[in-house]
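> Structure, please.
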Amino acid sequence: MTERTNTARQILLPTAAALVWGLAFVVQDICADAIDPFTFNAARFSVAAVALLAVCLLLRLKKPAQAPTATEQKQYRKQLLLGGLCCGTALAAASAFQQAGFSAGTDAGKAGFITALYVVLVPVAGLLFGRRPTAQIWLAVALAVVALYLLCVKQGLRLAPGDLLVLACALCFTVQILLIDHFSLLVAGVELSCVQFFTAAILSALLMLFFGTTPLTVLPRYTWPILYMGVISGALGYTLQILAQRGSNPTVVCILLSLESVFSALGGWLFLGQRLSGRETLGCVIMFAAVLLAQVHVPVKLKKG
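The predicted structure follows:
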């Protein structure tokens, strides 16, 4: 893969993921009043897992140029299972904490800002593994946080019990991003995403059994929204994330992923008639500035004439 192709992959794939995730807020708004969070998560994760399983089976029909040995196959399956279990557990935990935060009274705007703090938490966590982001990346992170604040927070930010639950959600998403950064180099991205969603679906179904309040007979009325959340936002979006993170800088990728806040605001304006305020428009502009700063090379020293 050439450097130009690799750079395009690191930009286009997470931006596409952010787009489908941002528009997913429109779809979730349709289902929020009718389906409890745990039943909704179990349904969409199950759809995503089945969709990706079909893709994996199709890809397996293509024989590899060089067949792996039995030992290599065993090691690969071990890494795939471990990676899928770890990433899926982090994803299910993040979703559960986020929904619990809503139930505890955190409003959507504040929850959106706190969740997107993974933009800051990823480079901070990367320091634990010896990664040193450049000053340019840190500035891009700071701009992204300001943009997210302008886009999402509608009132003073104070940490209530529900806010702490959503902060735990942001921590779980940080762990998921770092886990994908590790395992995406060891196994196929589509297969990792498939096992991740089967894990998240099973864990969400268990939570549904204990805390779900929506009869399953309600789900067929919301077939199309659930299919979008499962196939497009879930299977496609998270697979794009995994493919984008393969060998990439996770800090840069997560800044691009945080564009979902911009796309959700635009989606609300286009499909739900929710107009962007001057504050939100400024947030969009700052977010795009952060993305450009993260991607454009700025020379540290100028050559002497």
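> Need the phi and psi values for A32.
Here is the backbone geometry of A32 (degrees, to the nearest 10): phi -60, psi -40.
> and G101, what does it touch?
A111, I114, G162, D163, L164, L165, V166, C169 (Cβ atoms under 8 Å, 6 or more residues apart in numbering). Using the backbone N, CA and C atoms, a C-beta is placed for each residue, glycine as well.
> Spatially nearest residue to the third one (excluding sequence neighbours)?
To tie it back to what came earlier, the one meant is G162. Take G162 and drop its neighbours on the chain: the residue closest to it by Cβ to Cβ, 6 or more residues apart in numbering is A104, 3.2 Å away.
> Check the secondary structure at C169 for me.
Recorded secondary structure, C169: helix (DSSP: H, G, I helix; E, B strand; the rest coil).
> tell me the pLDDT at it?
Per-residue pLDDT puts C169 at 87.
> Now for it, how many residues are close by?
Neighbour count of C169, defined by other Cβ atoms under 10 Å: 25.
> Could you do A289 as well?
By other Cβ under 10 Å, the residues close to A289 number 15.
> Check the offset of the helix or strand where it lies from the chain's centre.
Secondary structure assignment for A289, by DSSP states H and E: helix 278-295. Centroid separation between helix 278-295 and its chain, computed with Cα atoms, centre = their mean, to the nearest Å, is 19 Å.
> from the contacts of G101, which is closest to R221?
A111 (26.2 Å; Cβ to Cβ).
> And the pLDDT for the closest one?
68.
> M1 too?
Note for M1: predicted pLDDT of 54.
> where does this protein dip in pLDDT?
By pLDDT under 70, the low-scoring segments of the chain are 1-7, 63-65, 105-113, 154-160, 274, 276, 295-305.
> could you pull out the helices for it?
For the chain, the helices defined by DSSP state H cover 3-31, 37-60, 70-103, 108-115, 118-127, 135-152, 161-183, 189-211, 223-227, 237-245, 250-257, 260-271, 278-295.
> Just the buried ones out of the contacts of G101, please.
Buried residues within the contacts of G101, counting neighbours by 16 or more other Cβ atoms under 10 Å: A111, I114, G162, D163, L165, V166, C169.
> Looks like the last one contacts L117 (just checking).
No: C169 lies out of contact with L117 (Cβ atoms under 8 Å); the separation is 9.5 Å.
> hang on, the earlier thing: how close does the residue nearest to G162 get to D163?
8 Å (Cβ to Cβ, to the nearest Å).
> Can you give me the distance of T281 to W21?
20 Å.
> what about these two, which has more around it?
W21 (23 against 14).
> Quick check: the more buried one touching S233?
Yes: using Cβ under 8 Å, W21 makes contact with S233 at a distance of 5.8 Å.
> got a list of what I177 touches?
By Cβ under 8 Å, 6+ apart, the residues touching I177 are Y118, V122, Q245, P250, V253, C254.
> Quick one: neighbours of D29, just the number.
17.
> need the buried ones among the contacts of G101 in JSON lines with distance to Q10, can you?
Formatted as JSON lines, those follow (distance: Cβ to Cβ, whole Å):
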{"residue": "A111", "distance to Q10": "28"}
{"residue": "I114", "distance to Q10": "26"}
{"residue": "G162", "distance to Q10": "35"}
{"residue": "D163", "distance to Q10": "32"}
{"residue": "L165", "distance to Q10": "32"}
{"residue": "V166", "distance to Q10": "28"}
{"residue": "C169", "distance to Q10": "25"}
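> quick check, nearest of these to V153?
The closest of the buried ones among the contacts of G101 to V153 turns out to be I114 (Cβ to Cβ; 9.1 Å).
> do you know how far the closest one is from D163?
Taking Cβ to Cβ, one finds I114 at 6 Å from D163.
> which residue sits closest to Q28, ignoring its sequence neighbours?
In space, and not counting its chain neighbours, Q28 is closest to M229: 7.2 Å by Cβ to Cβ, 6+ apart.
> Hmm, the one you found is touching F25, no?
No: M229 is beyond contact range of F25, at 10.5 Å (criterion: Cβ under 8 Å).
> For the two, indicate the residue with more neighbours.
With neighbours defined as other Cβ under 10 Å, M229 and F25 compare such that M229 has more, 25 against 21.
> got a list of what that one touches?
Taking Cβ under 8 Å, 6+ apart, one finds A24, V27, Q28, C31, F40, R44, V47 in contact with M229.
> now those in CSV, with distance to A100?
Shown next, in CSV, are the contacts of M229 (distance: Cβ to Cβ, whole Å):
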residue, distance to A100
A24, 19
V27, 21
Q28, 16
C31, 18
F40, 14
R44, 17
V47, 23
